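Trainee: Take a look and give me a structure for this.
(3 chains)
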Amino acid sequence: MPTRIKDFYELVYEVVACVPKGKVTTYGAIAEYLGQKGSARLVGWALNAVHQHRTDIPAHRVVNRNGLLTGKHHFPNPNQMQQLLENEKIKVVDNQIINFEKHFWNPVIELRNH
DNA sequence: TGATTGACCAACT
DNA sequence: CAGTTGGCCAATC
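Mentor: Alright, predicted model coming up:
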């Protein structure tokens, strides 16, 4: 079992860790930032095991392109994801982020020269 | 080693 | 408008 994290995972974690408080991003945006637009599923895979490698990654700030909390069931406590978002002034109704566009944080733009 | 699946997305039917 | 398909890559069976 490798003690080192896969490069792809590292990149995903780094991007997620750079998401400011009160902002959210999407799987597709991260994949696009990594230059692999079609690999959004890999971002999901990376986050699936995120808690096994890094427990300090705000995975609750990553949702699908609809602003839907598709990954909440993969949290230790599904309610925690929504709770954390609401704790950051992000309103969530019916597993969906209100004013998602307003809270959207695009790594491609924010980290373009990073 | 081949087949299947997965916290996705976009295009097509 | 809803369901299907293709694509991308890694992990599991």
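
Trainee: Buried residues of the lowest-mean-pLDDT helix or strand in chain A, list them for me.
Mentor: Least confident element among the helices and strands of chain A, by mean pLDDT, DSSP states H and E: helix A:50-53 (a mean of 87). Neighbour-count burial for helix A:50-53, with 16 or more other CB atoms under 10 Å as criterion, is recorded at residue A:50. For every residue, glycine as well, the C-beta is placed using N, CA and C.

Trainee: helices or strands up against that helix?
Mentor: Under the contact criterion of 3 or more CB pairs under 8 Å, 6 or more residues apart in numbering; DSSP states H and E, helix A:50-53 touches helix A:7-17.

Trainee: Give me the helices and strands touching the helix it packs on, please.
Mentor: helix A:27-33, helix A:40-48, helix A:50-53.

Trainee: okay, and for chain A, where does confidence drop off?
Mentor: Applying pLDDT under 70 to chain A flags residues A:1-6, A:38.

Trainee: Name the residue of it that lies nearest to DNA strand B.
Mentor: Relative to DNA strand B, the nearest point of chain A is residue A:71 (1.6 Å; CB to the nearest atom of the strand).

Trainee: which non-adjacent residue is nearest that residue?
Mentor: residue A:47 (6.6 Å; CB to CB, 6 or more residues apart in numbering).
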